[in-house]
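A.B. asks: With the sequence up front, the predicted model follows.
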Amino acid sequence: MARQLIAGNWKMNGLSSQLSFFDDLVNAVGDSPAELLICPPATLIERCSRAADGSGIAIGAQDCHVSASGAHTGDLSVAMLADAGARFVILGHSERRADHGETSAEVKAKAEAVLAGGLTSIICVGETLEQREQGNAETVVTEQLLASLPENAGDRCEIAYEPVWAIGTGRTASSADIVAMHGALKAALPAGVSARILYGGSVKPQNAEEILGLDNVDGALVGGASLNPVDFAGIIKNTRC
Ligand code: PGA
C-alpha cells in the first residue's frame, strides 16, 4: 500500500506573519506516517521552505507556466518554483479550470513541464454536480485524467479526485462513491504510472478517519482545513498506517 500523502492547498491565503504555522503543525502532529505537503501562494514558497526546513514537510506550488522562461508577464516557470523550494505543483484545480478556462490539454502540457523540471505534479480532476446527477461522473473524470496526464509520468505524478460540488461546501462524496471513483481512476492509469490518488473536497478532522480509511484513497488534498494547524493536524492523525 502506498504511503499516504496529506497535502494542504492554501489557495489565495497566507501572509508572512503566519509562518508560525509550521512550528504549530509539527507540535500538534508529532510523528506521522504520512508524507506531508503544504502548497502556499507563490509569494510564500521560499519563506515556507525555510520555515519547514528540517520538519519533513514538503512545499509545493499551486500552478506553473508551460515555458521555462520568456515573455509571460505575471507567470512563473517550474525552474523558478523549484528554485524557491517547491517540490510539487498542483495542476488543473477546478478553480483554475473555472476561473482561467484551463483545459486538460493545457494541464497536460504543464505536467510535462513539471516532469522536465524534476518536480512532481498533483493533477486535479472532478465532476460537477450536474455531471454526477446525469450519471456521467466516472466517464467525465477518467476522460479528464487521461487527457491531463503527461507522457511517461512514472512515479512523479499524483492525482487528486475532487468533486467540484464538494470543494469548500462542507459536502463530501459518499464513501461508496469515493471508493468507486478511485477504483476507476486506478484502473484507467496507463501501465508504468504509479500515481497516488488523493481525495479532496471538504476534508476535515471530523471526516478524515472515514475517508482516509477507504480502499484506494492514498491521501487527501485539503483546502480550508489546511489553513489552521490544529485542524490540519487533526486530519493527519487519521492517516492509515
Ligand atoms: P476544501 O478545498 O478542502 O476547502 O473543500 C479542497 C481543494 O480545493 O483542494
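C.D. replies: Received, thanks.

A.B. asks: Now do the contacts for Ala180.
C.D. replies: Glu138 (Cβ atoms under 8 Å, 6 or more residues apart in numbering). In short, each C-beta sits where N, CA and C put it, glycine included.

A.B. asks: Distance of it relative to Cys64?
C.D. replies: 31 Å (Cβ to Cβ, to the nearest Å).

A.B. asks: try Ala176
C.D. replies: 35 Å.

A.B. asks: between the two, which one's more packed in?
C.D. replies: Cys64 (26 against 9; other Cβ atoms under 10 Å).

A.B. asks: wait, isn't that one in contact with Glu112?
C.D. replies: No: using Cβ atoms under 8 Å, Cys64 is not in contact with Glu112; the gap is 10.9 Å.

A.B. asks: Checking my notes, Ala220 in a strand, right?
C.D. replies: Yes: read with DSSP: H, G, I helix; E, B strand; the rest coil, Ala220 is one of the residues of a strand.

A.B. asks: Once you drop chain neighbours, what's closest to it?
C.D. replies: Excluding the flanking residues, the one nearest Ala220 by Cβ to Cβ, 6 or more residues apart in numbering is Val203, at 4.6 Å.

A.B. asks: Model confidence at the one you found, what's the number?
C.D. replies: With respect to pLDDT, Val203 scores 97.

A.B. asks: Tell me how many other residues crowd the closest residue in space to Gly223 that isn't next to it in sequence.
C.D. replies: In this structure, Gly223 finds its nearest non-sequential neighbour in Asn9, 5.2 Å apart by Cβ to Cβ, 6+ apart. The local packing count at Asn9 equals 26, with neighbours defined by other Cβ under 10 Å.

A.B. asks: same check, this time on His100
C.D. replies: His100, neighbours per other Cβ under 10 Å, totals 11.

A.B. asks: Just give me the neighbour total for Val107.
C.D. replies: 26.

A.B. asks: name the element it belongs to?
C.D. replies: Assigning secondary structure by DSSP states H and E places Val107 in helix 104-116.

A.B. asks: Residues contacting that helix, please?
C.D. replies: Contacts of helix 104-116 (Cβ under 8 Å, 6+ apart): 63-68, 77-78, 89, 91-92, 97, 120-121, 123, 144, 147-153, 156-157.

A.B. asks: Narrow those to those that are buried.
C.D. replies: If you count burial by 16 or more other Cβ atoms under 10 Å, the buried members of these come out as 63-66, 77-78, 89, 91-92, 97, 120-121, 123, 144, 148-150, 153, 156-157.

A.B. asks: which element follows the helix or strand where Gln144 lies toward the C-terminus?
C.D. replies: In this assignment (DSSP H and E), Gln144 forms part of helix 137-148. The first helix or strand that comes after helix 137-148 along the chain, using DSSP H and E, is strand 157-161.
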